[in-house]
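Participant: coords below, sequence missing:
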Ligand code: EPZ
């Protein structure tokens, strides 16, 4: 992976995306599978691992704990035989919130874990109270001391847990911790995201006894450590990456076929795109084809836990609604502050008004290229989609956000006919762009 600290994308808009693109493994699954590999002393082999900076960070976290990590292309082998440390430090957890997922497996296997608090982030408060309540319900003693979550338990004991809201991370941490608990855990109001099902399938392949994952009630029957063994597992396709290409294709009135996807995981988006006027078909069970040859109509949108419309696609879809015909109301219900992309979309000519957690988008005929800065991962995706749709040239800075979650995005987009290149940023460029941006947002 290239060093993205000082690079920017230059995109010449107006090129219709056409052709085929293969979707990578899911970032939001692989990170959790990697963390869960801590449950067993046997080697865990993962394939379809996306090459992303977040995966690099998780490898660093695991190495810090004493896991041996071998990486070859899209495959990694992890072995947590000799764990030397139960502490995930601030330097690593602050780089990536998913590092917090080592809490459940460390506690479950060793009865001890000390993980730095991740803190809030630019998109919202992102609490961890539900993780803590769930682990306490399993019998752990959890304290927050000097910025760390310190947890201890002689042996976790299964329990009935009802999450206040279907948090993805809390469902994962509690489910993984409960694998080695004594007796059964019933986790209600659980998150139902496909990545939860992928994690349960992975754990079951390792020897765990989990049923109901993918529904709102998960039952985890505790097993003994000697029942857990090594596993070889293929990571589920990244539904958010796939969705990003579908929306980009729609925004350029393109004709694109995605390969290596699970269409059912994309239902809320494909349904929305069809309502907007896109033609979507499934040539094979693992492909989705989108064809758009006219300006799409706007649709309203409310983000919800799966199977509702994903918050991670709110920004990308806003970039499409910005050039669609009509006015749409976008309601963000998962995060308190996930409209950071709006100011940059407005720089490109979008008409958007924000009031609390609602954005009103009035479609314009076209956007125009500008210098913009990505504020988070999905904001980066939204700006790329807007740039592909826009007239003229767009420069996008802060690519470290993008490289957390999109493997080889420029190569894939270029293969579809986009004019996109990554170039180094000199200090002068950064200064210039920062000055141009003052006063925005
Ligand atoms: C996961 O985050 C994803 N990250 C996020 O994707 C995604 O946006 C989110 O799920 C929702 O789908 C990974 O999988 C690595 P949550 P997570 O716990 O697990 C509140 C991306 O762009 N909450 O379901 O952190 C929380 O504040 C990222 O790829 C509590 O209040 O999400 C938030 O408002 C961004 N207390 C809401 O729930 C808790 O204890 C959803 O959080 C836990 C969560």
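Facilitator: Thanks, I have the structure now. Bear in mind that the values here come from a model prediction, so they are computed numbers and not experimental data.
Participant: what are the ranges of the helices in the stretch 301-441 of the chain?
Facilitator: 314-321, 342-347, 377-389, 399-405, 409-415, 427-437 (DSSP state H, counting those that start in this stretch).
Participant: Now do the third one against helix 314-321, angle only.
Facilitator: This means helix 377-389. 20 degrees (axes from the mean of the first three to the mean of the last three C-alpha atoms, to 10 degrees).
Participant: Out of the helices of the stretch 301-441 of the chain, flag the one nearest residue 139.
Facilitator: helix 399-405 (34.8 Å; C-beta to C-beta). The C-beta positions use only the backbone N, C-alpha and C, and glycine is treated the same way.
Participant: in the closest one, what counts as buried?
Facilitator: For helix 399-405, a neighbour-count test (16 or more other C-beta atoms under 10 Å) marks 399-405 as buried.
Participant: show me which of those residues neighbour the ligand.
Facilitator: Contacts with the ligand within the buried residues of helix 399-405, counted by C-beta under 6 Å from any ligand atom: residue 405.
Participant: possible to save the helices of the stretch 301-441 of the chain as CSV with mean pLDDT?
Facilitator: Formatted as CSV, these follow (pLDDT from 0 to 100):
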stretch, mean pLDDT
helix 314-321, 98
helix 342-347, 98
helix 377-389, 98
helix 399-405, 95
helix 409-415, 98
helix 427-437, 47
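Participant: Export those to CSV and append columns for distance to residue 225.
Facilitator: Output for these, formatted as CSV (distance: least, C-beta to C-beta, whole Å):
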stretch, distance to residue 225
helix 314-321, 41
helix 342-347, 49
helix 377-389, 36
helix 399-405, 33
helix 409-415, 41
helix 427-437, 51
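Participant: Out of those helices, which is closest to residue 31?
Facilitator: Here helix 399-405 is closest among the helices of the stretch 301-441 of the chain (C-beta to C-beta), at 10.3 Å.
Participant: nearest to residue 234, of the buried residues of helix 399-405?
Facilitator: Minimum distance to residue 234 across the buried residues of helix 399-405 is 19.2 Å, recorded for residue 405 (C-beta to C-beta).
Participant: Settle this for me: the closest one is touching residue 52, isn't it.
Facilitator: Yes. With contact defined as C-beta atoms under 8 Å, residue 405 reaches residue 52; the gap is 6.1 Å.
Participant: Flag every residue of the stretch 1-150 of the chain that's near the ligand.
Facilitator: 28, 31, 97-98, 124-131.
Participant: Mind doing that once more with 8 Å?
Facilitator: Residues of the stretch 1-150 of the chain lying close to the ligand (C-beta under 8 Å from any ligand atom) are 27-29, 31-32, 54, 96-98, 101, 123-133.
Participant: List only those of the residues you listed flagged as buried.
Facilitator: 27-29, 31-32, 54, 96-98, 101, 123, 126, 128, 130-133.
Participant: Can you flag which of the residues of the stretch 1-150 of the chain next to the ligand belong to helices?
Facilitator: 27-29, 31-32, 54, 129-133 (DSSP state H).
Participant: Specify the residue ranges that define each domain of this structure.
Facilitator: Structural domains assigned to the chain are 4-24+237-440, 27-234, following automatic domain parsing.
Participant: how far is stretch 40-54 from where the chain is centred?
Facilitator: Computed by C-alpha atoms, centre = their mean, to the nearest Å, the chain-centroid distance of stretch 40-54 equals 16 Å.
Participant: typed the wrong thing, it's stretch 199-209
Facilitator: Centre to centre, stretch against its chain (C-alpha atoms, centre = their mean), the figure for stretch 199-209 is 21 Å.
Participant: Give me the buried positions along it.
Facilitator: 199-203, 206-208.
Participant: go on, stretch 392-400?
Facilitator: In stretch 392-400, counting by 16+ other C-beta under 10 Å, buried: 394-400.
Participant: ditto for stretch 414-427
Facilitator: 416-418, 420, 422, 425.
Participant: distance of the residue nearest to residue 195 when sequence neighbours are not counted from residue 233?
Facilitator: Nearest residue to residue 195, sequence neighbours excluded (C-beta to C-beta, 6 or more residues apart in numbering): residue 29, at 4.2 Å. Distance of residue 29 to residue 233, given as C-beta to C-beta, to the nearest Å: 10 Å.
Participant: show me the residues around residue 182 that make contact.
Facilitator: Residue 182 makes contact with 155-158, 222, according to C-beta atoms under 8 Å, 6 or more residues apart in numbering.
Participant: What about the closest residue to it other than its chain neighbours, how many residues nearby?
Facilitator: With sequence-adjacent residues excluded and distances taken as C-beta to C-beta, 6+ apart, residue 182 is closest to residue 157, at 5.0 Å. Applying other C-beta atoms under 10 Å, we find 17 residues neighbouring residue 157.
Participant: biggest separation within the buried residues of stretch 199-209, which pair?
Facilitator: Among the buried residues of stretch 199-209, 199 and 207 lie farthest apart (C-beta to C-beta), at 14.3 Å.
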